[in-house]
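>>> Below are the sequence and a predicted model for it; my questions follow.
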Amino acid sequence: MYYSNGNYEAFARPRKPAGVDDKSAWLVGAGLASMSAAAFMIRDGQLAGERITILERLRLPGGALDGIKEPKKGFVVRGGREMEDHFECLWDLFRSVPSIEVEGASVLDEFYWLNKDDPNFSLQRATVDRGRDARTDGLFALSEKAQKDIVTVFLATREEMEGKRIDEVFGREFLDSNFWLYWRTMFAFEEWHSALEMKLYIHRFVHHIGGLPDFSALKFTKYNQYESLVLPLYRWLLDQGVTFRFSTEVTDVDFEIRPGRKQATRIHWVADGEPGGVDLGEDDLVLATIGSLTENSDDGDHHTPARLDTGPAPAWDLWRRIAAKDPAFGHPDVFGGDVESTKWESATVTTLDPRIPEHIRRICKRDPFSGKVVTGGIVTVKDSSWLMSWTVNRQPHFKQQPPDQVVVWVYSLFVDTPGDYVRKPMQECTGEEITREWLYHLGVPTDQIDELAATGARTVPVMMPYVTSFFMPRHAGDRPDVVPDGAVNFAFIGQFAETSRDCIFTTEYSVRTGMEAAYRLLDIERGVPEVFGSTYDVRTLLKATSRLRDGEEVDLPGPRFLRERLLRRLDGTQIGELLTDFGLIPELDGTARRDRVDDAVE
């Protein structure tokens with residue numbers, strides 16, 4: 001397997017791999033990584049769908065990409081997925097999956113047209129004082145020291161960031177900035193999370209630094225992620241003959257491990273309460289999803305808090321059993337061994353009273369019932385004790401949703417802190433109590449809050465013990481390689497498998513690990529698209545530098561006459577033009593700023 005870029009390989013069709021007709025594939029888990037791997041095996045590896053079996057403990061596919069209506073509770077989404085242009089593997093996959101919304105179109109076509117017609121951006125990124133504009137004004141407010149912290153982390157080696165927390169490499173001035181407010185609430189970073197992952201995120205999304213304050217960097221699906229992404233892919237895989245075995249919990253995988261060679265020899269499972277399994281030969285491929293960010297999620301309801309489930313966690317216990325067999329199989333407890341550091345809670349609010357959408361309209365400055373972009377991403381309540389954020393995607397968010405209802409997603413980073421209206425931690429609150437706290441910060445008159453929370457909405461809270469587990473500080477080897485050295489018939493996929501340069505907590509990462517596993521195990525003669533190289537593009541770096549400085553020119557060091565001499569030397573040169581175009585140095589006699597540069601690097 002190798003990486004490629006450009007449309008030469010993007011448009012090429014690989015030839016049929018040798019020996020593929022003799023192979024079969026068993027995939028553990030029915031999340032996006034597994035389903036993507038199956039799709040690439042079929043499309044690019046020409047493995048017959050009938051020879052692929054996906055084993056899933058739950059009763060439906062999708063893993064963390066969910067969206068469901070619980071008959072007695074209401075609509076539930078545990079989280080949302082933010083996407084962008086340069087999810088190279090994701091779009092490579094969905095260009096081949098037929099849309100179930102638009103006849104003759106792919107899922108990518110449908111998504112592309114939607115976001116062309118209705119581009120995403122926010123008109124109100126943060127609030128204070130119960131729904132008032134926080135006046136962050138799109139500025140990062142980074143001091144010189146905070147800017148230096150970012151540059152230091154950006155230039156550091158991976159090894160220098162291993163095992164360190166964010167608050168060990170960034171100072172207080174950075175952590176008090178608007179940049180950190182935007183960043184942490186958009187990506188769900190805590191100060192104790194991995195400095196290495198923070199560094200990878202900066203590199204990965206440096207081309208979107210300018211889009212952080214208003215979310216113009218992001219794109220969203222029409223409906224919830226299950227109906228927009230999972231369901232079309234699931235139907236396509238079924239049409240190809242892939243077998244899904246639900247209510248089947250994989251409990252262990254056996255390996256024969258010798259110097260220089262590792263082979264999976266048996267999968268153990270429990271299906272409908274009965275133990276079972278399958279013996280494996282060298283041509284029987286195993287692709288195992290390890291760990292899970294939504295494992296042991298617990299739903300409450302409007303009158304019941306969600307429960308923090310710290311009991312047995314099947315996905316994590318499976319990885320622990322596998323990891324015990326070889327050091328190359330990773331260290332699961334680095335990620336899943338500290339629930340207090342990895343938990344947070346979300347809630348899905350469905351409005352029933354028309355007064356609530358009017359308050360949403362006031363803050364987001366758009367009609368929630370227009371069918372178009374509403375908030376354009378999360379609205380963060382800057383002065384919330386919970387550090388609450390909430391979002392309204394295009395409505396209806398569910399195909400079954402009544403036209404007079406709005407589905408709102410709410411989440412908080414500080415679930416152990418008492419609220420500002422409801423004097424309880426979020427994790428102890430019922431759906432009704434969470435609604436009260438949200439309505440308070442929405443600016444609903446206090447004499448209406450309790451009534452509207454009781455009868456004007458239905459809210460389902462969800463506690464997720466492991467949702468940020470992959471952000472825990474780590475070292476090389478804590479996550480196993482997608483295909484470990486010496487592996488002949490198995491791979492690890494999903495958010496806890498290691499692949500170069502990309503960053504986790506994205507749909508792209510899941511698809512990338514599935515693609516790499518399929519290409520490696522079947523020896524497919526086509527390059528896997530490399531991670532978008534914006535971190536190596538000098539124009540992108542200059543643009544990001546300008547935005548991080550909120551448009552201020554660089555104050556060149558040294559005496560004034562030396563600064564003026566340097567500027568004269570740059571005047572009329574290619575470097576001078578670039579620095580002037582991005583507002584880092586003033587316009588000079590021979591170098592005027594060109595307005596077209598921003599468009600050239602979007």
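Looks like it arrived, so ask away.
>>> Need the residue closest to the centroid of this structure.
Thr506 (2.8 Å; CA atoms, centre = their mean).
>>> That one contacts Phe87, correct?
Yes - the criterion here is CB atoms under 8 Å, and Thr506 meets it with Phe87 at 7.2 Å. Just so you know, the C-beta spots here come from the backbone N, C-alpha and C atoms, and that holds for glycine as well.
>>> what residues are up against the residue nearest to the centre of the chain?
Arg81, Phe87 (CB atoms under 8 Å, 6 or more residues apart in numbering).
>>> Quickly note the distance from it to Val528.
From Thr506 over to Val528 the distance is 16 Å, taken as CB to CB, to the nearest Å.
>>> Check Glu552 too.
Taking CB to CB, one finds Glu552 at 40 Å from Val528.
>>> With Met35 instead?
Distance from Met35 to Val528, counting by CB to CB: 17 Å.
>>> who's more crowded, the two?
Met35 (30 against 23; other CB atoms under 10 Å).
>>> any chance you could read off phi and psi for the more buried one?
Backbone torsions of Met35, given as degrees, to the nearest 10, read phi -70, psi -40.
>>> show me what contacts it?
Met35 neighbours (CB under 8 Å, 6+ apart): Ile54, Pro61, Val230, Leu233, Tyr234, Leu237, Gly514.
>>> Tell me the confidence at it?
With respect to pLDDT, Met35 scores 98.
>>> Using CSV, write out every CA atom in stretch 334-350.
C-alpha atoms of stretch 334-350 as CSV (Å, rounded to 0.1, in the frame of the first residue of the first chain):
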residue,chain,number,x,y,z
VAL,A,334,-4.3,4.4,28.0
PHE,A,335,-7.5,5.5,26.4
GLY,A,336,-10.3,3.6,28.1
GLY,A,337,-9.0,3.4,31.7
ASP,A,338,-10.1,6.8,33.1
VAL,A,339,-13.8,7.4,32.6
GLU,A,340,-13.8,10.6,34.6
SER,A,341,-11.4,12.2,32.1
THR,A,342,-13.2,10.9,28.9
LYS,A,343,-16.9,11.4,29.6
TRP,A,344,-19.3,14.0,28.6
GLU,A,345,-23.0,14.3,28.0
SER,A,346,-25.2,15.4,25.2
ALA,A,347,-29.0,15.8,24.9
THR,A,348,-31.5,15.9,22.1
VAL,A,349,-34.2,18.5,22.5
THR,A,350,-37.4,18.3,20.4
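>>> to the chain's geometric centre, what's the distance from that stretch?
Put simply, stretch 334-350 sits 15 Å off its chain's centre (CA atoms, centre = their mean, to the nearest Å).
>>> buried stuff in it?
For stretch 334-350, a neighbour-count test (16 or more other CB atoms under 10 Å) marks 334-336, 339, 342-350 as buried.
>>> likewise stretch 394-408?
In stretch 394-408, counting by 16+ other CB under 10 Å, buried: Arg394, Gln395, Pro396, His397, Phe398, Gln401, Gln405, Val406, Val407, Val408.
>>> Now the closest residue to the fourth one other than its chain neighbours: phi and psi?
In space, not counting the residues next to it along the chain, His397 is nearest to Val407; the distance is 4.1 Å by CB to CB, 6 or more residues apart in numbering. The phi/psi pair for Val407 (degrees, to the nearest 10) reads phi -100, psi 120.
>>> residues contacting Val407?
Listed by CB under 8 Å, 6+ apart, the contact partners of Val407 are 75, 77, 348-351, 392-393, 395-398, 401.
>>> Save these as JSON lines, and put in pLDDT too.
Formatted as JSON lines, the contacts of Val407 follow (pLDDT from 0 to 100):
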{"residue": "Phe75", "pLDDT": "89"}
{"residue": "Val77", "pLDDT": "90"}
{"residue": "Thr348", "pLDDT": "96"}
{"residue": "Val349", "pLDDT": "97"}
{"residue": "Thr350", "pLDDT": "97"}
{"residue": "Thr351", "pLDDT": "97"}
{"residue": "Val392", "pLDDT": "97"}
{"residue": "Asn393", "pLDDT": "96"}
{"residue": "Gln395", "pLDDT": "97"}
{"residue": "Pro396", "pLDDT": "97"}
{"residue": "His397", "pLDDT": "96"}
{"residue": "Phe398", "pLDDT": "94"}
{"residue": "Gln401", "pLDDT": "95"}
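>>> Sitting in strands, which of those residues do you find?
Phe75, Thr348, Val349, Thr350, Thr351 (DSSP state E).
>>> Pairing-wise in the sheet, spell out the partners of the second one.
Spelled out, it's Thr348. Under DSSP bridges, the beta-bridge partners of Thr348 are Trp409, Val460.
>>> residues touching it, list them.
Counted by CB under 8 Å, 6+ apart, Thr348 has contacts Gly74, Phe75, Val76, Val77, Val407, Val408, Trp409, Val410, Thr459, Val460, Val462.
>>> pLDDT wise, what is the fifth one at?
This points to Val407. Here, the pLDDT recorded for Val407 equals 97.
>>> and it, how far is that from Val460?
Val407 sits at a distance of 10 Å from Val460 (criterion: CB to CB).
>>> which residues are in contact with both of these two?
Phe75, Thr348.
>>> Confidence-wise, which of the buried residues of stretch 334-350 comes last?
Out of those, that is Trp344, at 92.
>>> helices or strands up against the biggest helix by length in the chain?
Assignment by DSSP state H gives helix 507-522 as the longest helix of the chain. Helix 507-522 is packed against helix 32-43, helix 88-94, strand 284-289, strand 490-493, strand 528-529, with contacts defined by 3 or more CB pairs under 8 Å, 6 or more residues apart in numbering; DSSP states H and E.
>>> How far does it sit from its chain's centre?
Distance of helix 507-522 from its chain centroid, counting by CA atoms, centre = their mean, is 16 Å.
>>> What are the buried residues along stretch 15-24?
In stretch 15-24, counting by 16+ other CB under 10 Å, buried: Pro17, Val20, Lys23, Ser24.
>>> Adding secondary structure, pLDDT and distance to Arg474, write the residues you listed out as JSON lines.
Below are these laid out as JSON lines (DSSP: H, G, I helix; E, B strand; the rest coil; pLDDT from 0 to 100; distance: CB to CB, whole Å):
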{"residue": "Pro17", "secondary structure": "coil", "pLDDT": "98", "distance to Arg474": "34"}
{"residue": "Val20", "secondary structure": "helix", "pLDDT": "98", "distance to Arg474": "35"}
{"residue": "Lys23", "secondary structure": "coil", "pLDDT": "98", "distance to Arg474": "33"}
{"residue": "Ser24", "secondary structure": "strand", "pLDDT": "98", "distance to Arg474": "34"}
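>>> What ranges does the stretch 201-350 of the chain have for its helices?
Secondary structure of the stretch 201-350 of the chain by DSSP state H, counting those that start in this stretch: the helices cover 225, 231-239, 314-323, 333-336, 339-342.
>>> With Asp167 as the reference, name the closest of those.
helix 339-342 (12.8 Å; CB to CB).
>>> Low-confidence ranges, the stretch 451-600 of the chain, go.
556-558, 561, 563, 588-600 (pLDDT under 70).
>>> how far away is the residue nearest to the centre of the chain from Thr455?
For Thr506, the distance to Thr455 equals 39 Å [CB to CB].
>>> Could you do Phe75 as well?
If you go by CB to CB, the gap between Phe75 and Thr455 works out to 17 Å.
>>> Which one's more surrounded, these two?
Phe75 (24 against 11).
>>> Since that was my last question, I'll sign off now.
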